[in-house]
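> Sequence and predicted model, in that order:
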Protein chains: 4
Amino acid sequence: MINVTVWNENVHEKNNPKVAEVYPQGIHGALASGLADDSFEIRTATMDQPEHGLTQEVLDSTDVLIWWGHKAHGDVSDAIVDRVQKRVLEGMGLVVLHSGHFSKIFKKLMGTSCDLRWREDGEKERLWVVDPAHPIAQGVGHFIELEHEEMYGEHFDIPAPDELVFVSWFEGGEVFRSGCTFHRGQGRIFYFRPGHETYPTYYNKDVLKVISNGVKWAAPVNTTRPVYGKSEPLEIMKGSQP
Amino acid sequence: MINVTVWNENVHEKNNPKVAEVYPQGIHGALASGLADDSFEIRTATMDQPEHGLTQEVLDSTDVLIWWGHKAHGDVSDAIVDRVQKRVLEGMGLVVLHSGHFSKIFKKLMGTSCDLRWREDGEKERLWVVDPAHPIAQGVGHFIELEHEEMYGEHFDIPAPDELVFVSWFEGGEVFRSGCTFHRGQGRIFYFRPGHETYPTYYNKDVLKVISNGVKWAAPVNTTRPVYGKSEPLEIMKGSQP
Amino acid sequence: MINVTVWNENVHEKNNPKVAEVYPQGIHGALASGLADDSFEIRTATMDQPEHGLTQEVLDSTDVLIWWGHKAHGDVSDAIVDRVQKRVLEGMGLVVLHSGHFSKIFKKLMGTSCDLRWREDGEKERLWVVDPAHPIAQGVGHFIELEHEEMYGEHFDIPAPDELVFVSWFEGGEVFRSGCTFHRGQGRIFYFRPGHETYPTYYNKDVLKVISNGVKWAAPVNTTRPVYGKSEPLEIMKGSQP
Amino acid sequence: MINVTVWNENVHEKNNPKVAEVYPQGIHGALASGLADDSFEIRTATMDQPEHGLTQEVLDSTDVLIWWGHKAHGDVSDAIVDRVQKRVLEGMGLVVLHSGHFSKIFKKLMGTSCDLRWREDGEKERLWVVDPAHPIAQGVGHFIELEHEEMYGEHFDIPAPDELVFVSWFEGGEVFRSGCTFHRGQGRIFYFRPGHETYPTYYNKDVLKVISNGVKWAAPVNTTRPVYGKSEPLEIMKGSQP
């Protein structure tokens, strides 16, 4: 059983009737329903909760955290971002969606601006599988087609991903590295592009399948926690006393 | 259930009493016993069998192939090597052990000489985990220590691995990239260094744990088989008729 | 001064008047002229020459080999492919263009099928820079636009490139990893997609700039040749006599 | 001509007579002398200068910044760290040496703890070349041997490097990824391990050669600065007016 926490800033849903119409239970609610699976225990957390719903206790019992934010990145507390980063380095999986590219936590883990080109014209996106050996590509076809999405275009200012799983084609002429994996400490991170708040992307079964695959891929593998700091030699050294 | 085929050239065991003493059931037998697990269905195949035991039928029903060879690489039929390569590109996992670095199949999949330095002095090896986020490192400590092993040293002439999981330290002064992963087509390959025929390495529980992890990691994920060749456009083009 | 050899199978130019019209001096001739630069000493070689123009002497005095082939991949001698591979592993740079993806030498160095989707409809291609830190992207803008090109689409069956520099967008709806680098042995390889024989792509100044950058990037760096095989220990070992 | 700024916190040299004896002109002075080369214009900067010697003007006229720090990482101003990060993302090269692994700037660019094991016993280190195709390995042999160095051991908590050039062997039994490259934005970063303040490592000609190679490799390549933010479509879209 994988303990999943879906985090959403939950601002658009309250301020924009169009978004509320598309996601009446909030993006977090749509994701929680859409990802429901025998192997997941899912709960949600939102920014307006105490400690943004991400108390130490919640994080300690989270295997994989899904992150959706957009409008209110700056309102997320630095202390909580540090707490999330620490948990990722300790092995908690992190799935960052769409506009989460500009969240404090993603930028902090990447070390770059995470900037990109964008356009909100509701154009067609087609995500091509470029690594058919990757478990995150399981269960989808050669590509995923989304009739209406926000465009994100290159250059996407991230470190070269450890693995590149999807590349997007956009009607307006751009491409984008849409499905990217990263190892950081003992943790694994999956960035997946689709999911603008004004489109029903998180009801698309291929999109949900990929997020579900991403959660399974990012789930902790319980490797031994590294030990850092001063270390005694493991071998007898010339200058040392046995 | 993962269908595992352990392939061994099985030559040393027949010609060298010292090896026969260490591996009375052959290296393939020791691996088959040592890897026995509720999630594996294991069989063995050896070079002296018809088609080296790797008929199309066997390969088609193999999820992960483990390869051990050393003395007789040149005697493996090119046609069977091609057959194995094709299956790897179609998604069969491949775990290449120790002297398998110089097998036809590994060299063919790497595109390089796969050469290295070596020394058979029974020295100490210590394999350090350098990627504690990797599932292949699960269940072992900060390092694995082997009291007596053949030395393999850098430069190891392989493409940069997709992921580097272990790096070895040798008593005689060398290092080696000991645990390396590669995606090729729909298939996944894990190279793991330890396992010289004159040492009881394949009875070591950490070594077996890593090989077992490698098998699970390399098991096919059933992504959609890519389609190649001439393709109709997915969009209406300026010069085309709708 | 970098010694560049431009190799071309030179078959289309002789058999297809349309190609001869676009490339009256052959694709090799167009490349040799277009790449002319104070830092390059350029010669050409074609398949119909003795040893395909790639004698040991020619290869030994070549710093970077550019490869264009398409129709006659199968007619290239295996012995010469082995010779080229050996030189690449020894440090000779290799720039593989367009349909060279299916050449024996590229497939041999990659270890995969190197297959892809294609369509010859003369559609628009736009190559986006996805690694603006890479010297191969120097001197071009955010993207390169080619009004008419053959389409190559994903999945492109290559190992994950060491560095991904360009990704193509095609009018018909596909994407492609168009500019890819690989280290193999002491040698460096750059694959660059554009250049179909019926389009004047090799007169495009951005395309020439990228190929020129690729040649400079792939030029040998004269690192120490690795030594392989049996090696004496560098340290005194417990079991050894000092 | 490459404009190089050597930055040193310059604390040990003032407080520890042993360090002052090894580096009477400071580590920055030793590096500036040792790297002197017709292709470098070298200046130094130290923490005790106004703005740590890293004014906007200095950074704007720096092609490659070399960073050595250890005892006083916490005293480096966050504003100046942000300024350096911005310049790296804009294309300035960065060479981080030894204990600089724990500097604010390196941790910020990596997104991880950058922690490691260490021991100050003056033991032997041997750095093996694992990528003989890399220009940073030019001019050194199969390995570099340092009779006395501080030990740094795995796990080194960094993202998987884009390229791994050196791996260290230590007398006490550890290994370390000692020469690592990273692309971040338009900038290139080289981390190189050796250089403890109490050993004369920065007079070693192989070490100086590698740092010099690293500077040349990291020098800006003047690619086009990416444009981010809202972008007009490059193609006519179905829903749009031509």
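Now that the structure is in, tell me what you want to look at.
> next structured bit after the longest strand anywhere in chain A?
Scanning chain A for the strand with the most residues, using DSSP state E, yields strand A:117-129. On the C-terminal side of strand A:117-129, the closest following helix or strand by DSSP states H and E is strand A:143-153.
> Now look at that following strand and say if it contacts chain D.
Yes - with C-beta under 8 Å from any C-beta of the partner chain as the measure, strand A:143-153 is seen reaching chain D through A:151, A:153. Placement of C-beta: from N, CA and C, glycine included.
> Tell me the neighbouring strands of that strand, and mark each as parallel or antiparallel.
strand A:117-129 (antiparallel) (DSSP bridges).
> Could you give me the buried positions within the partner strand?
A:117-119, A:121-129 (16 or more other C-beta atoms under 10 Å in any protein chain shown).
> Does chain D have contacts with the helix or strand containing residue A:82?
Secondary structure assigned from DSSP H and E places residue A:82 in helix A:78-89. Yes - looking at helix A:78-89 against chain D by C-beta under 8 Å from any C-beta, the contacts come from A:85, A:89.
> average pLDDT across the next helix or strand along the chain from that helix?
Of the helices and strands lying after helix A:78-89 in sequence (DSSP H and E), the nearest is strand A:93-97. The average of the pLDDT scores along strand A:93-97 is 98.
> repeat for stretch A:15-28
According to the model, stretch A:15-28 has a mean pLDDT of 97.
> Chain C contacts on chain A?
Residues of chain A lying near chain C (C-beta under 8 Å from any C-beta): A:126, A:128-132, A:142, A:153-156, A:160, A:163-164, A:167-170, A:173-175, A:177.
> Quick check on the residues you listed: which are buried?
Buried among the residues of chain A next to chain C (16+ other C-beta under 10 Å): A:126, A:128-132, A:142, A:153-156, A:160, A:163-164, A:167-170, A:173-175, A:177.
> CA atoms of stretch A:97-106 as CSV?
What follows is stretch A:97-106, C-alpha atoms only, in CSV (Å, rounded to 0.1, in the frame of the first residue of the first chain):
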residue,chain,number,x,y,z
LEU,A,97,2.4,18.6,-11.9
HIS,A,98,2.1,21.3,-14.5
SER,A,99,2.5,24.8,-13.0
GLY,A,100,4.2,23.2,-10.0
HIS,A,101,7.3,23.7,-12.2
PHE,A,102,7.5,27.1,-10.6
SER,A,103,6.8,26.0,-7.0
LYS,A,104,9.4,26.8,-4.4
ILE,A,105,10.0,23.1,-3.7
PHE,A,106,10.7,22.1,-7.3
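> anything in the host helix or strand of residue A:166 near chain B?
Per DSSP H and E: residue A:166 is located in strand A:163-170. Yes - interface with chain B: strand A:163-170 contributes residue A:163 (C-beta under 8 Å from any C-beta).
> for that strand, packing partners?
strand A:117-129, strand A:143-153, strand A:175-184, strand C:163-170, strand C:175-184 (3 or more C-beta pairs under 8 Å, 6 or more residues apart in numbering or on different chains; DSSP states H and E).
> Out of the ones you listed, which is closest to residue D:9?
strand A:175-184 (26.9 Å; C-beta to C-beta).
> Identify the bridge partners of the residue nearest in space to the middle of chain A.
By C-alpha atoms, centre = their mean, the mean C-alpha position of chain A lies nearest to residue A:96, the distance being 1.6 Å. Note on residue A:96: beta-bridge partners by DSSP bridges are residue A:67, residue A:191.
> How much space separates residue A:15 from residue C:128?
Applying C-beta to C-beta, to the nearest Å, the value for residue A:15 to residue C:128 is 34 Å.
> so residue A:22 makes contact with residue A:197?
Yes - with contact defined as C-beta atoms under 8 Å, residue A:22 and residue A:197 form a contacting pair (7.2 Å).
> Tell me which of these two has more neighbours.
residue A:197 (24 against 20; other C-beta atoms under 10 Å in any protein chain shown).
> Hmm, residue A:68 and residue A:31 touching each other?
Yes - shown here, residue A:31 and residue A:68 form a contact pair, counting by C-beta under 8 Å, at 7.4 Å.
> give me every residue that touches the nearest residue to residue A:167 once chain neighbours are set aside.
Nearest non-adjacent residue to residue A:167, counting by C-beta to C-beta, 6 or more residues apart in numbering or on different chains: residue C:175, 4.7 Å away. Residues near residue C:175 by C-beta atoms under 8 Å, 6 or more residues apart in numbering or on different chains: A:128, A:130, A:167-169, A:175, C:153-154, C:167-169.
> Chain B contacts on chain A?
A:91, A:126, A:129, A:131-135, A:137-142, A:162-163, A:171, A:183-188, A:221-227, A:234-235.
> please redo it, this time with the cut-off set to 6 Å
Within chain A, the positions adjacent to chain B are A:132-133, A:135, A:137-138, A:141, A:183, A:186-188, A:221-224, A:226 by C-beta under 6 Å from any C-beta of the partner chain.
> Check pLDDT for the residues you listed and point me to the minimum.
Within those, residue A:222 has the lowest pLDDT, namely 91.
> contacting residues for that residue?
residue B:138 (C-beta atoms under 6 Å, 6 or more residues apart in numbering or on different chains).
> likewise residue A:131?
residue A:165.
> Tell me, what's the model's pLDDT at it?
98.
> State the distance from it to residue C:148.
Where residue C:148 is concerned, residue A:131 sits at a distance of 30 Å (C-beta to C-beta).
> Kindly report the same for residue A:201.
34 Å.
> Compare the two and say which is more crowded by neighbours.
Comparing residue A:201 with residue C:148 by other C-beta under 10 Å, the one with more neighbours is residue A:201, at 25 against 16.
> so that one makes contact with residue A:192?
No - judged on C-beta atoms under 6 Å, residue A:201 makes no contact with residue A:192 at a distance of 10.5 Å.
> Looking at chain A, which helix is longest?
Taking DSSP state H as the assignment, the helix of chain A that covers the most residues is helix A:205-218.
> partner residues bridging residue A:187?
As for beta bridges, residue A:187 partners with residue A:184 under DSSP bridges.
> Run a quick neighbour tally on it.
26.
> In contact with it: list those residues for me.
Per C-beta under 6 Å, 6+ apart, neighbours of residue A:187: A:88-89, A:91-92, B:133.
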